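*Asks:* need coordinates for the below:
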Amino acid sequence: MKRFLIKTAIFSAIILCLLGLGELAVRNMPSSYSYKHAYIEGHVRDISTLILGSSHTYYGVRSDMLGDSVFNLANVSQDPDIDLVLLRTYMDSMPGLRLVVLPVSYFTFVDPAIEDGPDWFRAIAYKIHMKMPVHSDFSRYNFEISDFDGYRLKLKSLLTFSTEGINRCDSLGWGLGFGLSTRSSDWEDRGARRARSTTLPLGARAAEVEKSLGSIMELCSSRGVGCVLVTTPVWHTYSENLDEAQMSDMRARVVSLCRRYGVRHIDMMDDTAFVSDDFHDVDHLSDIGAVRFTRMLADSLRSGAVME
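*Replies:* Residues are numbered from 1 along each chain as shown. Next up is the predicted model:
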């Protein structure tokens, strides 16, 4: 029995050691999050336009086409609460900042906070790779292994020298990987399903999100920084299946915010200029669509037009 216990203890120690080494290796892997944090720290005084938000702007807005000194700080599933923390963290060190671009989408006001939804694991990246002072060092958000499936995938990628499971962005933060070559053949048929998944009860979360967006706008105003809301295009099989009450609530809140804070809303949600090849899926632009959208966004920003 004593020999068995010793062997068990040794085996357990080896396993813990391997897991610890794996944790260390994975948390030091490069990612879009760690890249963006490093870029901001190195160029914080040079940035004039900052793009925040979710995957809609991460994949939809090309920094290199929007002007000089533009950086895309958006990430997949990044909500306005996180946008606010990011802006508070970096803004005081950005003397050249002149404009903040924020997305507002059909689901913006009803999506749960990142920690409360199925994408909770993404909060790990903000704690570890972006050094966000939101969660405790002893919380699950400070350990890659907390998301064991993601941990295994990243470890596999590291050992096989692949990029599977790793978000990638270009040098100015625009998300890569949404080209037509990776689009699903049945993408159009997924509109109704995607609409159902982004239709959620109208509850207290809407007021929380509206408050976060308002705080961002107040912060920008107090620093003399412009702010603009953008709504990216969606494919008709998605828009045709959206809930009217949720859509009306979203638009009413956007109008209220714009009037309260003097902010513009550039809405291209149903713009007919966008065709099939402009989409990677029913509510995300492809690399081709990102070019078209960013060009139109740049034109609108230059002209001062409010596209609603």
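
*Asks:* what's around the closest residue to T108 other than its chain neighbours, how many residues?
*Replies:* Of all residues not flanking T108 in the chain, V209 sits nearest, at 6.2 Å (C-beta to C-beta, 6 or more residues apart in numbering). Using the backbone N, CA and C atoms, a C-beta is placed for each residue, glycine as well. Residues lying near V209 (other C-beta atoms under 10 Å) number 21.

*Asks:* touching, V209 and P112? I think so.
*Replies:* No. V209 is not in contact with P112 according to C-beta atoms under 8 Å; the separation is 10.0 Å.

*Asks:* ok, back up a step: identify each buried residue in the one helix or strand the residue nearest to T108 maps to, please.
*Replies:* Element membership of V209, judged by DSSP states H and E, is helix 204-222. For helix 204-222, the neighbour count (16 or more other C-beta atoms under 10 Å) marks 205-206, 208-210, 212-217, 219-220 as buried.

*Asks:* tabulate these (CSV), appending pLDDT and distance to A74.
*Replies:* Listed next are these as CSV, based on pLDDT from 0 to 100; distance: C-beta to C-beta, whole Å:
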residue, pLDDT, distance to A74
R205, 95, 20
A206, 96, 21
E208, 96, 20
V209, 97, 16
E210, 98, 19
S212, 98, 15
L213, 98, 15
G214, 98, 19
S215, 98, 18
I216, 98, 13
M217, 98, 17
L219, 97, 17
C220, 97, 16
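
*Asks:* out of those, flag the one nearest to R302.
*Replies:* Lowest distance from R302 to the buried residues of helix 204-222 (C-beta to C-beta) belongs to C220, with 19.3 Å.

*Asks:* what's the burial count for R292?
*Replies:* If we define neighbours as other C-beta under 10 Å, then R292 has 20 of them.

*Asks:* try A245
*Replies:* A245 has 10 nearby residues by other C-beta under 10 Å.

*Asks:* may I have the helix or strand where it lies as PDB, with CA atoms only?
*Replies:* Using DSSP H and E, A245 maps to helix 244-261. Provided in PDB are the C-alpha atoms of helix 244-261 (Å, rounded to 0.1, in the frame of the first residue of the first chain):
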ATOM      1  CA  GLU A 244     -39.400  43.500 -34.600                       C
ATOM      2  CA  ALA A 245     -39.600  44.300 -30.900                       C
ATOM      3  CA  GLN A 246     -35.900  43.800 -30.300                       C
ATOM      4  CA  MET A 247     -35.000  45.700 -33.500                       C
ATOM      5  CA  SER A 248     -37.300  48.600 -32.500                       C
ATOM      6  CA  ASP A 249     -35.800  48.700 -29.000                       C
ATOM      7  CA  MET A 250     -32.300  48.700 -30.400                       C
ATOM      8  CA  ARG A 251     -33.000  51.600 -32.800                       C
ATOM      9  CA  ALA A 252     -34.800  53.600 -30.100                       C
ATOM     10  CA  ARG A 253     -31.900  53.300 -27.700                       C
ATOM     11  CA  VAL A 254     -29.400  54.300 -30.500                       C
ATOM     12  CA  VAL A 255     -31.500  57.400 -31.400                       C
ATOM     13  CA  SER A 256     -31.700  58.300 -27.700                       C
ATOM     14  CA  LEU A 257     -27.900  58.000 -27.200                       C
ATOM     15  CA  CYS A 258     -27.100  59.900 -30.400                       C
ATOM     16  CA  ARG A 259     -29.400  62.800 -29.300                       C
ATOM     17  CA  ARG A 260     -28.200  62.800 -25.700                       C
ATOM     18  CA  TYR A 261     -24.500  62.900 -26.600                       C
END
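
*Asks:* ok, the closest residue to L301 other than its chain neighbours - contacts?
*Replies:* In this structure, L301 finds its nearest non-sequential neighbour in V228, 7.0 Å apart by C-beta to C-beta, 6+ apart. Counting by C-beta atoms under 8 Å, 6 or more residues apart in numbering, V228 touches L99, V100, V101, L102, V263, R264, H265, I266, L301.

*Asks:* least confident of the residues you listed?
*Replies:* Lowest-confidence member of the contacts of V228: L301, scoring 93 (pLDDT).

*Asks:* and that one, what is it in contact with?
*Replies:* Shown in contact with L301 (C-beta under 8 Å, 6+ apart): L66, L99, V228, I266.

*Asks:* what about the nearest residue to the first one once chain neighbours are set aside, which helix or strand?
*Replies:* So that's L66. Residue nearest to L66 in three dimensions, not counting chain neighbours: A298, with 5.4 Å by C-beta to C-beta, 6+ apart. Using DSSP H and E, the element containing A298 is helix 287-303.

*Asks:* buried residues, that helix. List them.
*Replies:* Within helix 287-303, the residues scored as buried using 16+ other C-beta under 10 Å are D287, I288, G289, A290, R292, F293, T294, M296, L297, A298, S300, L301.

*Asks:* the first one contacts L180, correct?
*Replies:* Going back to what we said before, that points to D287. Yes. Contact criterion C-beta under 8 Å: D287 and L180 qualify, at 7.5 Å.
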